[in-house]
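A.B. asks: Compute the structure for the input listed below.
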Amino acid sequence: MNIVWFKRDLRLSDHAPLKAAIEDGESFLMLYIWEPSVMADPHYSPRHWNFVQQSLDDLNSQLSAGNALLSITVLEGDAEAVFTAIHKKYQLKKVFSYEETGLKITYDRDKILTKYFKENNIEWREFQTNGIVRKLKNRENWSELWKTHMHQKIDEPDWTKLRNPCLVFDEENEIYKQFLPKKYYLNNDKEPKPIFQPGGETYAHRYLQSFLNDRAKNYSKTISKPLEARKSCSRLSPYIAWGNLSIRQVYQYTQNAKKRVSYRRDLENFSSRLHWHCHFIQKFEMEDRMEFENINRGYDNLQKDEKQHFIEQWQAGKTGYPLVDACMRCVCETGYLNFRMRAMVVSFLTHQLFQHWKEGAVFLAQQFLDFEPGIHYPQFQMQAGVTGMNTVRMYNPVKQSQDHDPHGIFIKTWVKELENCPENFIHEPWKMTPMEQDLYNFRLGENYPFPIIDLEQTTKFAKDKLWGIRKNIEVKAESKRILSKHVVHRKKKK
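C.D. replies: Reported below is the predicted structural model:
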């Protein structure tokens, strides 16, 4: 027998491993494994596994609607142990799956399985994910390869070619009993919450169609606004991160939509971000040590004193800076925050609070429903200013608030303590005089905290430190190395 191993590819359409397994002709098992070691990794939280469970439920609903005997078998256990047990009883021939650009824990698991499959003469056919290329030495031809992949025909499984019945492990199967999924991880911490996006391929296509047919018309105008972006941005990121949609599907649907709508420019801007999405995952694929280390080793010399109370107040949304606090509370509660606001809260943590990026990266990974390691870590390091090649972006949370939430509607939605704060003080409540605080029945330090840092002083301090270290010989040498590996040189690009 063969196996189609589902991981972060929880869909039935544009699924190359499933298509190949059907065309191979052998009986196969569709398998998903709850891996306790992966689930225990600190980057993940119950909201992620609820999304996966919803996605699996959706896949099985689709499968049973077409054929009552079809379903994905779900087991729980160490991946090598699961495959060993299956091989011992059924003699595995081939395993079909997508390549995974993930955390070190899944990379290490894949190395173990590669060795096991080779020793047992099991063919592991891995397929390219979203245009990401394995073992690429530099980026000179990557954009062309990505475009070629995006324009290729969708890998649509043809179930009419199924010559042998699909296998399913039911409750009487001894392997199912051995690796019985406990589902103990579901509904922890009162999750899932109704304000989380629901998982599944069916919902993914609904979000895609509503965006292309209507919501995208305000995409470019409101992409940076924390309130409006919740509707006008695509909101496809969790569906892409967990594989309910492939990037190629989204790209091709978008190209077709551009032919029939008036807001083509908005869709063009959106399409460019699909390329950007894969660009960062490719960077992580080529240098995944950035999960643990500064990509530019020269920044190892930049000393930052850990202040745990700063980190805790940032996590809780109690920094005294209204927009920062609103963003942190919003993402913890809903799993979503638009890109500019993500960049701002990271900037505030790593620059104004001058804390190391690692603890913040793990915390926000737990909150983001769309956590994608290949985007998360390259972006976090870029915003933290430790690449040595990107412009150091230090977002002023007061200016961002004034520009993107001028009336404080988003702030008041998430920071209830400021619900009655007058609009002219909503961005800087600390400017209220004692008399004005009495007038509005508001007491700074009681109803809402004083700012935990002086923004002007800490911004200047961070700028001096970061711009100063860029002159370091090791930082410069590392910057050249990074440019050579990850950036297409202009002459060659032409």
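
A.B. asks: Only C-alpha atoms from now on, for both contacts and neighbour counts.
C.D. replies: OK.

A.B. asks: Determine how far the last residue of stretch 407-427 lies from the first.
C.D. replies: This stretch, stretch 407-427, spans 9 Å end to end (Cα to Cα, to the nearest Å).

A.B. asks: again with stretch 212-219
C.D. replies: Stretch 212-219: ends 10 Å apart by Cα to Cα.

A.B. asks: Could you give the separation of that stretch from the chain centroid?
C.D. replies: 22 Å (Cα atoms, centre = their mean, to the nearest Å).

A.B. asks: residues in contact with it?
C.D. replies: 229, 231, 232, 233, 234, 254, 257, 261, 263, 266, 267, 270 (Cα atoms under 8 Å, 6 or more residues apart in numbering).

A.B. asks: now, among the residues you listed, which is nearest to residue 403?
C.D. replies: Nearest to residue 403 among those, counting by Cα to Cα, is residue 229 at 13.9 Å.

A.B. asks: still on that earlier bit, from the contacts of stretch 212-219, list just the buried residues.
C.D. replies: 229, 231, 232, 233, 234, 254, 257, 263, 266, 267, 270 (16 or more other Cα atoms under 10 Å).

A.B. asks: Read off the pLDDT value for the third one.
C.D. replies: When you say that, I think you mean residue 232. Looking at residue 232, its pLDDT is 97.

A.B. asks: Am I right that it is in contact with residue 210?
C.D. replies: No - Residue 232 lies out of contact with residue 210 (Cα atoms under 8 Å); the separation is 10.0 Å.

A.B. asks: All the strands of the stretch 51-200 of the chain, residue numbers only.
C.D. replies: Ranges of strands in the stretch 51-200 of the chain, per DSSP state E, counting those that start in this stretch, are 73-76, 94-98, 123-127.

A.B. asks: Spell out which residues make up each domain of the protein.
C.D. replies: The record assigns the chain these domain ranges, following automatic domain parsing: 2-127, 200-286, 297-486.

A.B. asks: export those domains to CSV and tack on distance to residue 177?
C.D. replies: Converted to CSV, the domains of the chain look like this (distance: least, Cα to Cα, whole Å):
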stretch, distance to residue 177
domain 2-127, 9
domain 200-286, 26
domain 297-486, 31
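
A.B. asks: For residue 178, which of those is the nearest?
C.D. replies: It's domain 2-127; of these, that one is closest to residue 178 (Cα to Cα) at 8.8 Å.

A.B. asks: Make CSV from the buried ones among the contacts of stretch 212-219 and add distance to residue 338 and secondary structure to it.
C.D. replies: CSV is the format used below for the buried ones among the contacts of stretch 212-219 (distance: Cα to Cα, whole Å; DSSP: H, G, I helix; E, B strand; the rest coil):
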residue, distance to residue 338, secondary structure
229, 6, helix
231, 10, helix
232, 10, helix
233, 8, coil
234, 10, coil
254, 20, helix
257, 23, helix
263, 21, coil
266, 16, helix
267, 17, helix
270, 14, helix
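
A.B. asks: and residue 315, how many neighbours?
C.D. replies: 20 (other Cα atoms under 10 Å).

A.B. asks: my read: it touches residue 328, true?
C.D. replies: Yes - look at residue 315 against residue 328 with Cα under 8 Å: they come within range, at 6.5 Å.
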